[in-house]
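*Asks:* I would like the atomic coordinates for the input below:
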Amino acid sequence: MDERRNFGFIIHKIICEWYKELVIRYLAYGVRRFGKQPMPIHPRTNWEFFVVLKGACGSTSETSLKPEFKSKNFWIFPPSYPHGWSGDRHSCEVAVFHFPSVPLPLEKAIPSKGYLERSLSSGEIRQIVQIVHQLMPHYESPHSHSPIHFEKALMELSLLALQNIVPQSIPKLQGNSELKSYKAMVWYLDHLKENPSIRDVAAAVHVSFSHLRRIFWQTQRASPQQVLHRLRIQRATELMAGSYIKLEAVAEACGFSSASNFCRTFREEKGVTPAKWREKIGIMPSRNGK
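*Replies:* Prediction:
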């Protein structure tokens with residue numbers, strides 16, 4: 001009986017850790033001395049939310065090696081954007097969050113080949129500190145409800161990031177266009193292995209090809225090709241983060257013609273190969289190669 005209980009606990013722990021990897025990849029909170037130990041410039045595989053809570057520091061890049069040091073500041077970097085951190089002779093207190101994906105409005109707010117930043121009020125700094133304190137126990141010892149807390153933190157941080165950005169109005173279509181776009185995305189994910197075309201998706205939700213394009217543009221501010229491609233890559237990252245399944249199996253599950261085609265597409269999107277991406281998040285092959 002004790003052996004079964006221990007085994008059940010281990011399986012539960014593995015499942016909770018897996019859920020955590022799907023929502024949040026990294027969480028850190030503490031003092032940094034970037035003046036003495038600057039962080040070298042390198043790309044990340046995930047979205048980075050970086051907040052300087054006390055003191056000051058600056059983000060370095062290949063074109064800006066001597067940045068302005070800022071206090072009470074919030075940076076949001078997309079995956080694969082190379083950057084580092086430097087500071088003065090004083091220490092600073094920071095909070096760092098890494099997420100595999102962000103809400104679409106935040107993704108669209110990031111400048112092309114750039115990043116987003118904004119200064120924070122003292123009240124917003126306290127809010128982020130509270131988010132860290134609420135999230136840390138779930139990050140260190142996740143349980144079945146932890147993914148909900150991770151999603152909540154991501155939403156709160158995303159809303160803070162978008163605080164100074166004017167939202168775009170979405171014109172209404174006749175009928176429930178948001179529901180149609182949602183159904184289209186769900187159907188596409190359910191049939192991903194079959195590599196359906198845009199016309200297949202349109203037929204599945206009973207609209208014309210041109211009408212589907214209008215629906216996606218007015219609800220997602222993107223073309224069907226862009227949205228469905230993003231869903232495809234996201235599903236691939238979820239599969240690779242969950243366990244070390246072979247790339248051939250990932251490619252087949254996501255509707256790619258071959259593993260090489262998948263690897264080429266993934267590298268174009270993320271800036272690294274699937275093998276390198278797995279290595280950076282700590283997913284390594286098992287001894288038997290499975």
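
*Asks:* Val94 against Phe49, yeah?
*Replies:* No: look at Val94 against Phe49 with Cβ atoms under 8 Å: they stay out of range, at 10.7 Å. In this view, the C-beta of every residue, glycine as well, is placed from N, C-alpha and C.

*Asks:* Just want to know which of these two has more residues nearby.
*Replies:* More crowded of Val94 and Phe49, by other Cβ atoms under 10 Å: Phe49, with 26 against 20.

*Asks:* Look at that one and tell me its secondary structure.
*Replies:* strand (DSSP: H, G, I helix; E, B strand; the rest coil).

*Asks:* which residues sit in contact with the nearest residue to it once chain neighbours are set aside?
*Replies:* In space, and not counting its chain neighbours, Phe49 is closest to Phe97: 4.1 Å by Cβ to Cβ, 6 or more residues apart in numbering. Neighbour list for Phe97: Ile24, Tyr26, Leu27, Glu48, Phe49, Ala153, Leu154, Leu157 [criterion: Cβ atoms under 8 Å, 6 or more residues apart in numbering].

*Asks:* what's the neighbour count on the first one?
*Replies:* Applying other Cβ under 10 Å, we find 24 residues neighbouring Ile24.

*Asks:* Next up, the contacts around it.
*Replies:* With Cβ under 8 Å, 6+ apart, Ile24 has these contacts: Phe97, His98, Phe99, Leu135, Tyr139, Phe150, Ala153, Leu154.

*Asks:* Quick check: pLDDT value at it.
*Replies:* At Ile24, the model reports a pLDDT of 86.

*Asks:* what are the phi and psi angles of it?
*Replies:* Backbone geometry at Ile24, expressed as degrees, to the nearest 10, gives phi -130, psi 140.

*Asks:* Same question for Pro40.
*Replies:* Taking degrees, to the nearest 10, you get phi -60, psi 160 for the backbone angles of Pro40.

*Asks:* Local confidence estimate at it?
*Replies:* On pLDDT, Pro40 comes in at 91.

*Asks:* What of Pro196?
*Replies:* For Pro196, the model assigns a pLDDT of 94.

*Asks:* can you count the residues close to the closest residue to Pro82 other than its chain neighbours?
*Replies:* Spatial nearest neighbour of Pro82, chain neighbours left out: Pro43 (4.7 Å); criterion: Cβ to Cβ, 6+ apart. By the criterion of other Cβ under 10 Å, Pro43 has 15 neighbours.

*Asks:* One more: the one 3 residues further on?
*Replies:* Using other Cβ under 10 Å as the criterion, Asn46 is surrounded by 23 other residues.

*Asks:* got it, and the one 10 residues further on?
*Replies:* When neighbours are counted by other Cβ under 10 Å, Ala56 registers 18.

*Asks:* From the contacts of Phe97, list the buried ones, please.
*Replies:* Ile24, Leu27, Glu48, Phe49, Ala153, Leu154, Leu157 (16 or more other Cβ atoms under 10 Å).

*Asks:* from those, which is closest to Glu68?
*Replies:* For these, the minimum distance to Glu68 (Cβ to Cβ) is 18.9 Å, reached by Glu48.

*Asks:* Just the helices from the stretch 151-290 of the chain, written as ranges.
*Replies:* Using DSSP state H, counting those that start in this stretch, the helices of the stretch 151-290 of the chain run over 177-190, 198-204, 209-220, 224-242, 247-253, 259-270, 274-281.

*Asks:* Least reliable of those helices by average pLDDT, please.
*Replies:* helix 274-281 (a mean of 80).

*Asks:* Please save the CA atoms from that one in CSV.
*Replies:* Taking Å, rounded to 0.1, in the frame of the first residue of the first chain, the C-alpha atoms of helix 274-281 are listed here in CSV:
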residue,chain,number,x,y,z
PRO,A,274,14.1,22.2,-31.7
ALA,A,275,17.1,20.3,-30.1
LYS,A,276,18.7,23.6,-28.9
TRP,A,277,15.3,24.8,-27.6
ARG,A,278,14.8,21.6,-25.6
GLU,A,279,18.3,21.8,-24.2
LYS,A,280,17.8,25.3,-23.0
ILE,A,281,14.6,24.5,-21.1
